[in-house]
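1. Here is my input, please return the structure:
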Amino acid sequence: MAKITIYKDINFGGQSWEYNDSKSNLKDDGFGDKVSSCKVEDGRWILYKDSNYGGNDCRILDPGEYADFHAMGLSDNSLDSLRLLPISGICLFEHDNYRGQMVALTDAVSDLKEINFDNKTSSVIVVSSTWNLYEDKDFKGDKWPLHVGLYATPKLGDFNNDSISSVKLQ
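-> Residues are numbered from 1 along each chain as shown. Model prediction:
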């Protein structure tokens, strides 16, 4: 089971809190802007500077121990939300740098309008396999193949911003 433990102080000290799923606002648990270290026991997590998966700065952490904010790749006491990534498939994000709404897919979707995500993709994480992104519904129009990897901006994935209407495994 996915698990991340966040700590108020460096070197895993002070008050701690465990999460097994995404949390859009750590302030709800008294931890907003108060995290200085963490342990990722299982899963892959995105840590965000702002609540609701926002801010200009986020970091993706794999299992391991992060004794201070430098190890986490953030500034001290600047964590306000965290998101668990799926173990397979593809994740489409509303904004660049994996911010905003996320849609996780494991199967083809011929019309992203059906899940209210048509023409909204600005960043992508391909967790497994190779996926084709299409400009039009029903797998038509310009096609952009993406392999396992992180695509924080449309430029990195060589796809057009806010123009994806269907996706499927290659």
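
2. what's the burial count for K120?
-> 20 (other C-beta atoms under 10 Å). Any C-beta I mention is one placed from the backbone N, CA and C, and that applies to glycine too.

3. Then it would be within a helix, right?
-> No. Counting by DSSP: H, G, I helix; E, B strand; the rest coil, K120 is located in no helix; its state is coil.

4. Give the buried residues for the lowest-mean-pLDDT helix or strand in the chain.
-> One helix or strand of the chain scores below all others by mean pLDDT, DSSP states H and E: strand 54-61, with a mean of 90. By neighbour count with 16 or more other C-beta atoms under 10 Å, strand 54-61 contains the buried residues G54, G55, C58, R59, L61.

5. Check stretch 121-140 too.
-> Using 16+ other C-beta under 10 Å as the test for burial, stretch 121-140 gives 121-127, 131, 133-135, 137, 139.

6. quick one on the thing from earlier: CA atoms only for the least confident helix or strand of the chain, dumped as CSV, please.
-> What follows is strand 54-61, C-alpha atoms only, in CSV (Å, rounded to 0.1, in the frame of the first residue of the first chain):
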residue,chain,number,x,y,z
GLY,A,54,-0.6,24.3,-7.2
GLY,A,55,2.4,26.6,-7.0
ASN,A,56,5.3,27.1,-9.3
ASP,A,57,7.4,24.4,-7.7
CYS,A,58,6.7,20.7,-7.2
ARG,A,59,8.9,17.6,-6.8
ILE,A,60,8.3,13.9,-7.6
LEU,A,61,9.6,11.6,-4.9
